[in-house]
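Participant: quick one, what's the 3D model for this:
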Amino acid sequence: MEQKVVDVIVVVALAASFVAWLYFRSRERQRRMEVVHQERMAAIEKGIPLPELPFDPPKHPPQAPDPRTTLLHGIVWTAFGLGGVVTLLLTGRTNGGPAWWPLPVPLMFLGIGLILYYVLASRRR
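Facilitator: You can find the predicted model right below:
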């Protein structure tokens, strides 16, 4: 029963933190709109022409992804796979149980595949 209470507390805390985040985000937007309103009212009093009211700041256009990220991901996945294989080989079988060392091999092959993709794609350019 204690474990269920702890789980409920964790879920309630996560939900409360999400609601708090939404509240503070809306308060910041409201404060920003109040500042813009005050600036516009001051401009109207001075007789300055006003541009359209920006509700949200303009978003920057997305940048092209760095082609080296594929190589970086390949190196990381290969290292994870190789490290897992080495770790499971060093720990060895326990009490004649099954060999677990082949489990991280797909991660290693994923990394090698990403590295090969980077090499082949960079040769095409």
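Participant: which strand or helix spans the closest residue to Arg93 other than its chain neighbours?
Facilitator: Setting aside the residues directly before and after it, Arg93 is nearest to Ala99 in space (CB to CB, 6 or more residues apart in numbering), at 5.9 Å. To be clear about C-beta, it is placed using only N, CA and C from the backbone, and glycine gets the same treatment. Counting by DSSP states H and E, no helix or strand carries Ala99.
Participant: for Ile48, same thing?
Facilitator: Here Ile48 is assigned to no helix or strand, by DSSP H and E.
Participant: same deal with Pro102?
Facilitator: Secondary structure assignment for Pro102, by DSSP H and E: no helix or strand.
Participant: isn't the residue nearest to Arg93 up against Val85?
Facilitator: No: in this structure Ala99 lies outside contact range of Val85 using CB atoms under 8 Å: 11.0 Å.
Participant: please identify which of the two sits among more neighbours.
Facilitator: Val85 (18 against 10; other CB atoms under 10 Å).
Participant: for the more buried one, give its distance to Glu52.
Facilitator: 60 Å (CB to CB, to the nearest Å).
Participant: hmm, back to that, model confidence for the residue nearest to Arg93, exactly?
Facilitator: pLDDT for Ala99: 81.
Participant: what does Leu53 give?
Facilitator: The score at Leu53 is 66. That number is its pLDDT.
Participant: what's the answer for the one 4 residues further on, then?
Facilitator: The predicted local confidence for Pro57 comes out at a pLDDT of 64.
Participant: tabulate the CA atom coordinates of stretch 30-47 in PDB.
Facilitator: The C-alpha trace of stretch 30-47 is given here as PDB (Å, rounded to 0.1, in the frame of the first residue of the first chain):
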ATOM      1  CA  GLN A  30       0.400  38.700 -20.200                       C
ATOM      2  CA  ARG A  31       3.200  40.900 -18.700                       C
ATOM      3  CA  ARG A  32       4.800  41.300 -22.100                       C
ATOM      4  CA  MET A  33       1.500  42.300 -23.600                       C
ATOM      5  CA  GLU A  34       1.000  44.900 -20.800                       C
ATOM      6  CA  VAL A  35       4.400  46.400 -21.600                       C
ATOM      7  CA  VAL A  36       3.600  46.600 -25.300                       C
ATOM      8  CA  HIS A  37       0.200  48.100 -24.500                       C
ATOM      9  CA  GLN A  38       1.800  50.900 -22.400                       C
ATOM     10  CA  GLU A  39       4.400  51.600 -25.100                       C
ATOM     11  CA  ARG A  40       1.600  51.800 -27.800                       C
ATOM     12  CA  MET A  41      -0.500  54.100 -25.600                       C
ATOM     13  CA  ALA A  42       2.500  56.400 -25.100                       C
ATOM     14  CA  ALA A  43       3.100  56.400 -28.900                       C
ATOM     15  CA  ILE A  44      -0.500  57.300 -29.600                       C
ATOM     16  CA  GLU A  45      -0.400  60.200 -27.200                       C
ATOM     17  CA  LYS A  46       2.700  61.500 -29.000                       C
ATOM     18  CA  GLY A  47       1.100  61.000 -32.400                       C
END
